[in-house]
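>>> sequence isn't available, so here's the structure alone:
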C-alpha cells in the first residue's frame, strides 16, 4: 500500500459517548472530514462516567492528550451530566497538577450527535496545542 | 481470561481495504495473546461469512470474537446474533469500528489509517479477553408511538401502527393534514388525485380509535430515551368551535379584510386570515391564522362559531418510539435563476400544478392564454455549483405526466422539455414514450451549458444549444416557462434539532445504513420516513412509512425492551457507604444495606440505567460498570499505545 506519510501527530484518546458524541464522530468519517489518525476513541455510556484514573492511566501510558467529547445538555441520562462532567474534569486536572502533568493535556467540549465539524475542529486544534507544547 | 479468540477483519468491499491494509492488520494481531484464529473477509456481514463464523466458533470452540468493520451502530447486533447462533453468549463479542472512525476518516493517510486500525483491533482483543457472559436488563416500554407529520407517509404509518395495536399520537404542525400530496392534483400511474388519496387515509385515521390526531401542534420539548420518551406538545387553537356551517363561514371569510399570499397554492393566489385550503380539506374545520389576523372583529359579527377565547394548550405525551415523517420543501429558485422573480411568466413546477388545477377549459396565467410551454429540468437538483448535488428523482416522471395531462386537458398545447437526460425510472418510462408519441419536443443540454431564459420585447424566449441535434442553437417562444424544481430538506428543521437527528451530506435526515437499516437513526427509538429522508415519490414514501412503522412497533409492542446489561456493580470489600453514589445517581438505583457488620451500597439493577455517573464520585473506587470495568478500559488504553 502506498501513499500517505507516517504520522507523528500527538496521540489523543477521546472518550466519546455511545448515544451522542460517537455518532458525530462516525459522521465525521462519513463526511470525510479528516483529522489526525492518532486520535483514538473509547466510547462510554455518558461523559460523567469517566473515572479520573482512566484519564491519568492514558496520559501516563503515553497518550499526549485526552479529549472528553461530552454529552453536554443532550445527555439522555439527565441534565446533571454537564455539571458532573465538569466536576470530574476539575478533579482530574487537580490530580494532574499534583503529578506534574500539564492540566491542559485534558480537554473537554460538548459534542452533540450531529457536531461532526466541531469535533474535527476541536481535535485538530488540540493536536496543534499538544505538538507545540511538547516542543 | 479468554484463550480462544477469533478475529475477523472486513474489507467492506473496498470501503475499508482501499485505505487500510487489512492483511497487514491481520498479521499484526494474529500473534496477540489468546488469538487462535484471524481472517480477512470481503464482507463480514454477508451471509456466507456469517455461516463461516458460526462454523468457526463451533469447530474451534471460540470463547471470544472480534469483528473489525463498520460502526457498531450498524452491525454490532448482527454479529452478536451470529455469536449467539453458534451457542456463545453474545456479550463475548466485541466490535471494532475501522470504517467510520478509520478508513473513511483517514482516507487521506493510508499508512496512518492502517496503524490506527491495528491499535483499534488490538484494543478490541484486549477487551474481549475480559468479557463475561451476561443477560440483558429488561425495562418497561410504553406501547405508544408519536408520528410527527400527517402527510402521506405519516398517516399511512399511523394507520399501520394502530392496526398492529399501538397507541398513536399523530402530530401535525399545520392546521390541515395531507402535507404536499394534498397540494398535488392528478397523480402519475393511477387515475387518482392527491386529494382523493388523502381523503381515504384521513377517513381511516379517523376511524381508528387508537390514533389521536393533533393539528396546529408542535413538539417543543423532548426527554427520556427509547421505550420512554417524554414529549411536550404545543397545540395552537383554530379559534373555531366544532360545528361551523358553510354559509356563515363563507360570510366570515368574505368580511375578513386581511389578504396574504396563499402558501397552499405556492403564493400564486391570496387567502384571508380565516382560511381553509379548499372546501373539503381535513379536518373540515377552518382556522384563523393569528400571525396575520388583525383582530378587527368583523368575522365574529357574522359567524357565531368563531371563538377568540381558545387558548394555546400544552400536552405531555409518553411514547416508546418517535416516527419522523416531516416531508420536504420544494426548491425555491433564486431571484433571476432562469428569469424567476424577474420575468413574469416564469413559474415553478408546484405553482404550475396549482394553475392547472384551477384552469378548466383554457390554460390561463395572468390573463394570458398559454399554448407554448417550456419546461426547464433539474432546477435546484444535480447542481454543479450549488449544494444540491443529488437528483430529486420524482420530477422527470411528474413533469412528463403533467405535460401529458395538460395536452389532453386543453387545446393547442405545445410542450418543450429542456432536459439534462430523462430519468423516468421503472414503470414511469411508458409516460415518456406516450409524451413523445403525442409530439412533445425534447431538447437536451449539459449541466455546464444550461438553457437561457430571456425577455425580448413582449416575448419570453428560451434558448438552448441542443446536444441531440449536434449543438444546434434552438429558440422557443414560450407563453409559460415552468422550472421543474426538485425537493429540498425542510427549511424549518426545529424538530430535527430538538430530537438531535443527524442529517446527511444532502441535509436530509440520515438513516443508519442506506441499504440495510434504511429507516432507523442513530438515536435509538427514532425512525424516519418519507421525503424527510431524501427525495421520494408517493409509493416510496409509503414504503418507508410502513417500514418505519414496523421498526417503531417492534420496539414498543411487547411492553418491554431488552437493554444492555451494563449496570453498576459494587465491590463489597471496597465500599464504605458514604452515599456519594446515591447522590450522583439520577434514578435512585442505590440502596444502603447492612452486610457483614458494615453499611454498603446496593444497586437495584432494574432501576440502574447504566449511565455510570456514580463511577467517578466513589472515593474508594468501589464501583464499576459491567462491561466497562477499570480492567476493560485500562487494557484497551494499553493496547491503543503501539509498542515502539
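Alright, I've got the coordinates. In this text, all values refer to a predicted model and were calculated from it rather than measured experimentally. Residues are numbered from 1 along each chain as shown, chains lettered A, B, ... in the order given.
>>> which stretches in chain A count as helices?
Using DSSP state H, the helices of chain A run over residues A:21-30, A:52-61, A:81-98, A:116-134.
>>> list the buried residues of the last one.
The reference is to helix A:116-134. A:116, A:118, A:119, A:120, A:122, A:123, A:124, A:126, A:127, A:129, A:130 (16 or more other CB atoms under 10 Å in any protein chain shown). (C-beta placed from N, C-alpha, C; glycine too.)
>>> make a markdown table from those and add distance to chain B to it.
Output for the buried residues of helix A:116-134, formatted as a markdown table (distance: CB to the nearest CB, whole Å):
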| residue | distance to chain B |
| --- | --- |
| A:116 | 8 |
| A:118 | 14 |
| A:119 | 10 |
| A:120 | 9 |
| A:122 | 14 |
| A:123 | 10 |
| A:124 | 12 |
| A:126 | 16 |
| A:127 | 12 |
| A:129 | 20 |
| A:130 | 15 |
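>>> dump the helices of chain A to JSON lines, plus mean pLDDT.
Shown next, in JSON lines, are the helices of chain A (pLDDT from 0 to 100):
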{"stretch": "helix A:21-30", "mean pLDDT": "94"}
{"stretch": "helix A:52-61", "mean pLDDT": "97"}
{"stretch": "helix A:81-98", "mean pLDDT": "95"}
{"stretch": "helix A:116-134", "mean pLDDT": "94"}
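>>> and the ones you listed: which comes nearest residue A:9?
helix A:116-134 (5.3 Å; CB to CB).
>>> what angle separates that closest one from helix A:21-30?
Relative orientation of helix A:116-134 versus helix A:21-30 (axes from the mean of the first three to the mean of the last three CA atoms, to 10 degrees): 90 degrees.
>>> off-centre distance for helix A:116-134?
Averaged C-alpha coordinates place helix A:116-134 at 10 Å from its chain's average position (CA atoms, centre = their mean, to the nearest Å).
>>> what sits up against it?
Here helix A:116-134 makes contact (CB atoms under 8 Å, 6 or more residues apart in numbering or on different chains) with A:9-10, A:12, A:14, A:21, A:24-25, A:27-28, A:31, A:33-36, A:38-39, A:64-65, A:67, A:69, A:102, A:104-105, A:107, A:109, A:111.
>>> what number of residues lie near the residue nearest to residue B:122 when sequence neighbours are not counted?
Once flanking residues are discounted, residue B:122 sits nearest to residue B:639: 4.1 Å by CB to CB, 6 or more residues apart in numbering or on different chains. Counted with other CB atoms under 10 Å in any protein chain shown, the neighbours of residue B:639 add up to 23.
>>> what pLDDT does residue B:639 get?
We have a pLDDT of 96 for residue B:639.
>>> what distance do you get for residue B:210 to residue B:165?
Distance of residue B:210 to residue B:165, computed by CB to CB, to the nearest Å: 7 Å.
>>> which one's more surrounded, those two?
The neighbour count for residue B:210 versus residue B:165, taken as other CB under 10 Å, is higher for residue B:210 (15 against 11).
>>> my guess is that one meets residue B:164, correct?
No. Using CB atoms under 8 Å, residue B:210 is not in contact with residue B:164, being 9.3 Å away.
>>> so what's the residue in chain A that chain B sits nearest to up against?
Nearest to chain B, among the residues of chain A, is residue A:49, at 2.4 Å (CB to the nearest CB). Taking CB under 8 Å, 6+ apart, we find residue A:49 in contact with B:611, B:612, B:613, B:615, B:616, B:625, B:628.
>>> strand partners (parallel or antiparallel) of the helix or strand where residue B:7 lies?
According to DSSP states H and E, residue B:7 maps onto strand B:5-10. Applying DSSP bridges, strand B:5-10 is found paired with strand B:35-41 (parallel), strand B:64-69 (parallel).
>>> right, and the helix or strand after it?
With DSSP H and E, the next secondary element past strand B:5-10 is helix B:22-29.
>>> list the buried residues for that next one?
Buried residues in helix B:22-29 (16+ other CB under 10 Å): B:22, B:24, B:25, B:26, B:28, B:29.
>>> stretch B:464-484 now?
B:464, B:465, B:466, B:474, B:476, B:478, B:479, B:480, B:481, B:482, B:483, B:484.
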